[in-house]
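J.: need a structure here:
(one chain, ligands or ions: 1)
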Amino acid sequence: MTIRQGVSAALAFAPLLLAAAAHGQDGTQQAAQHPGRSVVMSKCFQCHTDAMFRDQRQDRRGWEAAIYRMIGRGGLWTPEEINLMADYLGSDFGPK
Ligand code: HEC
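T.: Prediction:
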């Protein structure tokens, strides 16, 4: 293996190593980011920040209802996006 190949191989694996390192970093074990998170970030922030809902705690059904209220206010999403967002909100902002 040439040095060049070695370097690019190392770079290719760097994200994996970083992810592995970050994972075991502290006892709290940051759960892997929910796939719905980025959907919420990109969709909900079009009209307001998470300040509007981050203090709320409700189950998935409650969040789904909130999402449908937002549709009434002009939100436009596919059923898949609604599902993902309700899953994410219900798990990260659920009643605990
Ligand atoms: C099309 C614009 C729009 C989008 C997109 C939007 N919202 Fe809203 N949202 C509003 C408006 C308007 C209000 C009312 C603001 C007020 O009462 O001052 C609101 C209020 C809220 C409230 C508090 C009032 C209620 O009905 O519960 C929650 C919770 C909320 N939004 C969650 C969300 C979530 C979660 C998303 C992403 C799925 C989202 N919003 C996306 C417009 C939007």
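J.: so which bits of this protein are right by the ligand?
T.: With C-beta under 6 Å from any ligand atom as the criterion, the chain meets the ligand at residues 40, 43-44, 46-48, 52-53, 56, 66-67, 69-70, 73-75, 85, 89. C-betas here are computed from N, CA, C, even on glycine.
J.: from those residues, keep the buried residues only.
T.: With burial judged by 16 or more other C-beta atoms under 10 Å, the buried subset of the residues of the chain next to the ligand is 40, 43, 44, 53, 66, 67, 70, 75, 85, 89.
J.: with secondary structure and pLDDT added, can I get those residues in TSV?
T.: Compiled in TSV, those are given as follows (DSSP: H, G, I helix; E, B strand; the rest coil; pLDDT from 0 to 100):
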residue	secondary structure	pLDDT
40	helix	97
43	helix	97
44	helix	97
53	coil	97
66	helix	98
67	helix	98
70	helix	98
75	coil	97
85	helix	98
89	helix	98
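J.: just put these in CSV and tack on distance to residue 34.
T.: Output for those, formatted as CSV (distance: C-beta to C-beta, whole Å):
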residue, distance to residue 34
40, 9
43, 14
44, 14
53, 15
66, 17
67, 15
70, 19
75, 19
85, 10
89, 9
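J.: out of those residues, which is nearest to residue 60?
T.: residue 89 (7.4 Å; C-beta to C-beta).
J.: now the helix or strand that residue 37 is a member of: buried residues?
T.: Here residue 37, judged by DSSP states H and E, is contained in helix 35-44. Under the neighbour-count criterion of 16+ other C-beta under 10 Å, helix 35-44 has 36, 37, 39, 40, 43, 44 buried.
J.: thanks again, I'm all set now.
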